[in-house]
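3D model of this:
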Amino acid sequence: MKPIDLLIGRPTPNLQAADKLAAASQIILSQPEKSGMALTYGPDHGEDGIREHIGDWLSQKYRPVSGRITRDRIIITNGASGALAGILQKFADPSYTRRVFLVEPTYFLAVQTFLDAGFGQRMRGIPEDDEGINLEYLRRQLEEDSRTDDGILNTGVPRTKFPAQGYRKIYKYILYVVPTLSNPSGKTMSIHHRTALVELARQYDILLIADDVYDFLAWPADDGISHEGLELPPRLVDIDRQMAGSSEWGNTVSNGSFSKLAAPGLRVGWCEAMPNFIHGLSTVGATMSGGCQAQYTSFLIDEMLVSGILEHHIQNTLIPVYRRRYRALVEAIKTYLYPLGIRISTGKPYETFAMDDASNRVPTILSGGFFLYIDFPRGNQFPSATEIIRIGREEFGLTIAPGEIFAVKGDPESLKRAQSTFNLGTRLCWAWNEEAVLIEAIKRLAKAVQRAQELRS
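Residues are numbered from 1 along each chain as shown. Sure, this is the predicted structure:
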């Protein structure tokens, strides 16, 4: 029995734009003027022209109410993971930043970055609700924490980062979230929650780090509507910009990546935020020492952006393939798992608009990303997720994620909550496997559930 992995969260190798990257590389390396710049240490922010092209592209994709995204709001990074580490290095301090909040279930591989930054005991999980984040739970946490004197919280920990050393802004709180097509839950945060979250961020001096890496892999839930012309949700950084009263640093940063769009191995992405924030991020030590941390690969991406090849790859290769795989996975779940009482966990659908075949603007529901979450029935009569996952692995060659890995380390209450919520289910990824393999995987999962039920009887 050939193993099947539904835990792995990356594109199939044949979806990586190898041929397009080879062509872009040939163009760059065959022109001495371009190759000379691409192969040397680059400006700390990245090349101005490339930043401008990324800003124009983002402006076309998001259509922000506040207008065009200018290059001073953009920095080129070595991918979303590296950028997250840089943001924490420059704008957070364990001796001052009181808490790091992560929306749970959370992207489990991001947790280590916060641990590395020294926030282990300061990390707290904020549960999702049907609209993407439990705002009242967050509000209560902030109100409770604000009643605690700073001196009590920080006793024995001397401050380590000062303005004179280049740390002109340290936030009191950090909150990490994947607002659109979240990893792992697949939920999309409502407009109401996005706006309220930015308002809370301003009130309590929170930096909202938004992992916006799945936004461009979106399509209408209605199979009869084209994905071209789909209107994307405004990012937290868009809402922060358009709301009156923004500070010079802002309270949001959009962390984007080309890993899901071109190839993960490129290690190139971008951040968008207020110009002062972007300048501050460019002064992280590793960047100041070596310049732009994705100099050469940013030239490849720029070539693909300007030529339209990247957008063509997204619209005509990635989305159609992922859309078919998603549909195959959903239909298999409904066919083989629904009779067993297992359901897809969707939250409140995000309503948006797209264009129909007659170029009319029509309402639809947003779908996409890489992941969906399924919930197992509650109660002692149904086997535990742990037992199902074990049997799936040992007897059916199936790898799926135990829900407990999406808890927030450092927060003992997060794991407790998991036992009664997201650990009663699992995340499934459709990006790695072809349709036939996805269907076979769900058949095996159904057999694993049935086998677990037999062992309990």
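
Where does pLDDT dip in the stretch 101-250 of the chain?
Low-confidence segments of the stretch 101-250 of the chain, defined by pLDDT under 70, span residues 149-158.

quick one: the helices in it?
Along the stretch 101-250 of the chain, the segments classed as helices by DSSP state H, counting those that start in this stretch run 111-116, 135-146, 150-153, 191-204, 236-242.

right, so of those, which gets closest to residue 251?
Ranking the helices of the stretch 101-250 of the chain by their distance to residue 251 (criterion: Cβ to Cβ) puts helix 191-204 first, at 3.9 Å. Backbone N, C-alpha and C define where each C-beta goes, glycine included.

Please name every helix or strand in contact with the closest one.
Applying 3 or more Cβ pairs under 8 Å, 6 or more residues apart in numbering; DSSP states H and E, we find helix 191-204 packed against helix 135-146, strand 173-177, strand 206-211, helix 236-242.

between those, which gets nearest to residue 77?
Among the helices and strands packed on helix 191-204, strand 206-211 comes nearest to residue 77, with 12.5 Å by Cβ to Cβ.

CA atoms only: put that closest one into PDB for me.
C-alpha atoms of strand 206-211 as PDB (Å, rounded to 0.1, in the frame of the first residue of the first chain):
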ATOM      1  CA  ILE A 206      -0.900  45.600  19.400                       C
ATOM      2  CA  LEU A 207       1.100  44.700  16.200                       C
ATOM      3  CA  LEU A 208      -1.100  42.500  14.100                       C
ATOM      4  CA  ILE A 209       1.100  40.200  12.000                       C
ATOM      5  CA  ALA A 210      -1.000  38.900   9.200                       C
ATOM      6  CA  ASP A 211       0.200  35.800   7.300                       C
END
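
Which residue ranges make up the domains of this protein?
4-13+311-456, 20-308 (automatic domain parsing).

Figure out how far the first one is from the centre of its chain.
So that's domain 4-13+311-456. Relative to its chain's centre, domain 4-13+311-456 lies at 17 Å (Cα atoms, centre = their mean, to the nearest Å).

Show me which parts of the lengthiest strand in the chain are buried, residue by residue.
Determined from DSSP state E, the single longest strand within the chain is strand 361-368. Within strand 361-368, the residues that count as buried by 16 or more other Cβ atoms under 10 Å are 364, 366, 367, 368.

can you redo the residues you listed as JSON lines with pLDDT and distance to residue 96?
Converted to JSON lines, the buried residues of strand 361-368 look like this (pLDDT from 0 to 100; distance: Cβ to Cβ, whole Å):
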{"residue": "364", "pLDDT": "96", "distance to residue 96": "44"}
{"residue": "366", "pLDDT": "97", "distance to residue 96": "38"}
{"residue": "367", "pLDDT": "97", "distance to residue 96": "41"}
{"residue": "368", "pLDDT": "97", "distance to residue 96": "38"}
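
got the residues you listed as CSV, with distance to residue 296 columns?
Converted to CSV, those look like this (distance: Cβ to Cβ, whole Å):
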residue, distance to residue 296
364, 39
366, 35
367, 35
368, 30
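
between the residues you listed, which is closest to residue 14?
The nearest member of those to residue 14, counting by Cβ to Cβ, is residue 368 at 19.6 Å.

ok, so what distance separates residue 455 from residue 195?
49 Å (Cβ to Cβ, to the nearest Å).

okay, the two: which has more neighbours?
Legend: neighbour count by other Cβ atoms under 10 Å for residue 455 and residue 195, higher for residue 195 (16 against 10).

residue contacts, the more buried one?
If you count contacts by Cβ atoms under 8 Å, 6 or more residues apart in numbering, residue 195 has them with 239, 243.

any idea how far it lies from residue 428?
Applying Cβ to Cβ, the value for residue 195 to residue 428 is 31 Å.

Over to residue 188?
17 Å.

Residue 189 too?
Residue 189 is 21 Å from residue 428, where distance means Cβ to Cβ.

Same check on residue 401?
Residue 401 is 8 Å from residue 428, by Cβ to Cβ.

Can you pull the residues that touch both of the two?
Here residue 401 and residue 428 have residue 6 as joint contacts, going by Cβ under 8 Å, 6+ apart.

how about the longest helix along the chain: buried residues?
In the chain, with assignment by DSSP state H, the single longest helix is helix 435-456. For helix 435-456, burial by neighbour count (16+ other Cβ under 10 Å) applies to 435, 437-449, 451-452.

Greatest separation within the residues you listed: which pair is it?
Using Cβ to Cβ, the two most remote members of these are 435 and 452, lying 26.2 Å apart.

Could you check how many residues crowd around residue 124?
Neighbour count of residue 124, defined by other Cβ under 10 Å: 22.

got the contact list for residue 256?
58, 80, 212, 213, 215, 269, 270, 271, 272.

now the residues you listed in CSV, with distance to residue 381?
Listed next are these as CSV, based on distance: Cβ to Cβ, whole Å:
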residue, distance to residue 381
58, 50
80, 41
212, 41
213, 39
215, 40
269, 46
270, 49
271, 48
272, 49
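
ok, residue 188 and residue 428, which is more surrounded?
In terms of neighbours (other Cβ under 10 Å), residue 188 is the more surrounded of residue 188 and residue 428; the figures are 31 against 24.
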